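1. Prediction below, plus the sequence it came from.
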Amino acid sequence: MGVKLYKEPELKDSIMFCGWPGIGNIGLIAIDTLRGVLKAEQFAEIESWDFFNPRKVVIEGGLLKDLEFPSSKFYFRRIKNRDLIFFIGQQQPSEGGTRYAEGQKAYRIANLVLDVAEKFGCRRVYTSGAAVTQIHHSLRPRVWAVPNGPDLIDEVKGYENTVLMSGIEGRGGQGVISGLNGLLLGVAKNRDLEAVCLMGEIPYYLQGAPWPYPKASKSVLEVLANILDIELDLSQLEELARRVERSIEEFLETLYRTEGIPSQVIDEIEKLRYARQTELGPITDQEQRKIMEHIDELFKGEGWSDEEHR
Amino acid sequence: MKNIVKFLEQPQFENPSLIVCWDEDAGKLSPQVIEYLNRKIKTRSFCEIEPTGFFSLGGVAIENNVAQFPEDRFYYSRGGNLVIFKGNEPSFERYRFLNAILDVAEHYCKVKELFTINGTISATAHTDRRRVLAVFNQETFWKKLRGYGLESMNWQGPAAISSYLLWVARIRGIPGASLWTEIPFYLAASEDFQAIKLILSFLDKRFNLGLDLQELDEQIIKQNTKIARLREEDSEIDRYIGVLESGLSLSEAEQTELIKAVTEVLEERD
């Protein structure tokens, strides 16, 4: 059980980018867009059946043709004399019914990903996910960056539109990254491998929404483009972000009109539109909980309400 | 395998066939078939899969006033040509669980083939002929079983645990088939004796078991009589079944009404 290699490209000092589904699919969209724009080529795959249940069976004329599992694939690309590896997972392995990575399987898959990283000379890993925060959906999301070693802090500070945990008021440099994004950072640290998690901000009232949040993926991609010193054509992603934003506006408008949520909740969301991101949230934790009770009810069973980056 | 599987005794086998049945099944088909088989050919349990890691063991579920606990056991027939696995579908670690079944089947029993027994809910009437739809994991095995009245099927969608087992068996080179017997939807919550008899007849023919199925014939007559009486007493129910008999479909509300009426009448004591 392990990794199936289709090709053994000769890579040196490579950088790996990992994306999985999560809140707003922010990390997955960011990394997969980068992979697509750079036209990376598949070279390996984790044998998925030990980690996931099958998604689909194909039976034709009485014959079992295929059983499809969520894929976990590796891609590579050389750009500007730099070797890049991409890992795209269609699902996070979990135990006990949670939707984000947890338990032994998550630990095993994190190790398999890093086995491939090390085999192909990787020196740095980037993961990406969501940072649930008090931001309005009309504002440009920042990127919260968490490195797995103090030596990386100065470098991370230099990234544009990025903030360390200590830069977020009320956090005091503390927090938790759930799922594989966090686990991979820790496992990489154990292997003395540099890793940084980049989390795009998503409004807390959208964390349970069934839609993607490409606006935050774009913020993450801008940081990655800077790191790689490349220009990226993000027009498709920008268009998607505009469409999603319009849908959010329409959705909230409908709720306002039909009084689907109390006026207090509407007011609190509107306050965020004009708040400065560096300010402590304009509402208290207690008020936020009250708002979430109403918003969660609307998205019940549809989103990723079980995952949170705090 | 040592920690997952517990052997109660170690019988000898000569390339037997494996029959796999899951406890939860439409029309109670799978558990009833095995219960009948175990009784008629006098099987003995020889091995079980430990529930740890496969089921939530934080407590017990209660069904019909009785505490339940997952039970996944292998049985063997006296002649040694048949191995039966009867169990609950695991809640976690399905791949490891299916491999545990096949480890026992392949390495200990050295099975030559496997069959899974399943019911599939159908929009047909109880008076219609039941079909047994089959899925094979090898083309050659399918050819071998022509002449048993099995019908092929097409499906793309969620994978049942039996399909997953067939897929794992194919990797190991074990030929296998899932047999899906049609169960009229309004018998799914009760027992479909006609379907149970149909699949037992297949097993009887395939393995020369010499089964006496008279008991089932009596139950089929009794069940059909009860439904016939219901049709006489309730013209709407008679109409619903008539619609199904003519190959047409019912609305959701009509289906619910039919299920309720038939379940109630079948639950009545004789």
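-> Perfect, thanks for sending it.

2. just the helices in the chain please.
-> Using chain A here. In chain A, the segments counted as helices under DSSP state H are A:26-37, A:103-119, A:153-157, A:180-190, A:214-228, A:235-258, A:263-273, A:285-299.

3. My question was about chain B, not that one.
-> Going by DSSP H, chain B shows helices at B:29-40, B:94-103, B:139-144, B:161-172, B:193-207, B:214-233, B:235-245, B:252-267.

4. buried sites along the fourth one?
-> What that stands for is helix B:161-172. Buried residues in helix B:161-172, defined by neighbour count with 16 or more other CB atoms under 10 Å in any protein chain shown: B:161-170. For every residue, glycine as well, the C-beta is placed using N, CA and C.

5. what does the stretch 101-250 of chain B put close to chain A?
-> Within the stretch 101-250 of chain B, the positions adjacent to chain A are B:133-137, B:139, B:142, B:150-160, B:163-164, B:166-167, B:170 by CB under 8 Å from any CB of the partner chain.

6. Could you tell me which of the residues you listed count as buried?
-> If you count burial by 16+ other CB under 10 Å, the buried members of those come out as B:133-137, B:142, B:150, B:153, B:155, B:159-160, B:163-164, B:166-167, B:170.

7. For the residue of chain B found nearest chain A, list the residues it contacts.
-> Distances between chain B and chain A by CB to the nearest CB are smallest at B:Ser152, namely 2.8 Å. Neighbouring residues of B:Ser152 by CB atoms under 8 Å, 6 or more residues apart in numbering or on different chains: A:61-63, B:133-134, B:142.

8. And for A:Lys80?
-> Applying CB under 8 Å, 6+ apart, one finds that A:Lys80 lies in contact with A:228-230.

9. Can you go through those and name the buried ones?
-> By the neighbour-count criterion of 16+ other CB under 10 Å, the contacts of A:Lys80 include these buried positions: A:Leu228.

10. hang on, the earlier thing: will you turn the helices of chain B into TSV that also has mean pLDDT?
-> As requested, these are exported to TSV (pLDDT from 0 to 100):
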stretch	mean pLDDT
helix B:29-40	92
helix B:94-103	95
helix B:139-144	94
helix B:161-172	96
helix B:193-207	95
helix B:214-233	95
helix B:235-245	95
helix B:252-267	94
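
11. closest to A:Ser263 out of those helices?
-> helix B:252-267 (38.4 Å; CB to CB).

12. Check which helices and strands the closest one is in contact with.
-> Using 3 or more CB pairs under 8 Å, 6 or more residues apart in numbering or on different chains; DSSP states H and E as the contact criterion, the neighbours of helix B:252-267 among helices and strands are helix B:214-233, helix B:235-245.

13. So which residues make contact with it?
-> In contact with helix B:252-267 (CB under 8 Å, 6+ apart) are residues B:185-191, B:223, B:226-227, B:229-230, B:234, B:236-237, B:240-241, B:243, B:250.

14. The helices and strands packed on helix B:252-267 into CSV, with extra columns for mean neighbour count?
-> Rendered in CSV, the data for these read as follows (neighbours: other CB atoms under 10 Å in any protein chain shown):
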stretch, mean neighbour count
helix B:214-233, 14
helix B:235-245, 17
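
15. Can I get the ones you listed in TSV including distance to B:Thr263?
-> Putting those into TSV (distance: least, CB to CB, whole Å) gives the following:
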stretch	distance to B:Thr263
helix B:214-233	11
helix B:235-245	12
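
16. Return the residues of chain A in contact with chain B.
-> For chain A, the contact set with chain B under CB under 8 Å from any CB comprises A:49-50, A:53-64, A:67, A:95-96.

17. Tell me where the model's unsure across the stretch 51-200 of chain A.
-> By pLDDT under 70, the low-scoring segments of the stretch 51-200 of chain A are A:95-102, A:169-171.

18. Name the residue of it that lies nearest to chain B.
-> Counting by CB to the nearest CB, the stretch 51-200 of chain A gets nearest to chain B through A:Gly62 (2.8 Å).

19. What is the neighbour count of that residue?
-> Here the number of neighbours of A:Gly62 (other CB atoms under 10 Å in any protein chain shown) works out to 20.

20. mind checking how far it is from B:Met153?
-> In this structure, A:Gly62 lies at 6 Å from B:Met153, with CB to CB, to the nearest Å as the measure.

21. what residues do those two have in common as contacts?
-> Shared between the contact lists of A:Gly62 and B:Met153 (criterion: CB under 8 Å, 6+ apart) are residues B:133-135.

22. Of the residues you listed, which is the nearest to B:Phe115?
-> Distances from B:Phe115 to these, taken by CB to CB, are shortest for B:Ala134, at 9.3 Å.

23. Which residues are in contact with the closest one?
-> Taking CB under 8 Å, 6+ apart as the test, what B:Ala134 contacts is A:62, B:142, B:145, B:150-153, B:177-180.

24. okay, and for the stretch 1-150 of chain B, where does confidence drop off?
-> Counting by pLDDT under 70, the low-confidence segments of the stretch 1-150 of chain B come to B:1-2, B:58, B:60, B:63-66.

25. For it, which segments are assigned as strands?
-> Using DSSP state E, counting those that start in this stretch, the strands of the stretch 1-150 of chain B run over B:5-7, B:17-22, B:44-49, B:61-63, B:66-68, B:73-76, B:82-87, B:113-122, B:132-136.

26. Redo those as JSON lines? Include distance to A:Phe43.
-> What follows is the strands of the stretch 1-150 of chain B, written out as JSON lines (distance: least, CB to CB, whole Å):
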{"stretch": "strand B:5-7", "distance to A:Phe43": "38"}
{"stretch": "strand B:17-22", "distance to A:Phe43": "38"}
{"stretch": "strand B:44-49", "distance to A:Phe43": "38"}
{"stretch": "strand B:61-63", "distance to A:Phe43": "46"}
{"stretch": "strand B:66-68", "distance to A:Phe43": "48"}
{"stretch": "strand B:73-76", "distance to A:Phe43": "42"}
{"stretch": "strand B:82-87", "distance to A:Phe43": "40"}
{"stretch": "strand B:113-122", "distance to A:Phe43": "36"}
{"stretch": "strand B:132-136", "distance to A:Phe43": "34"}
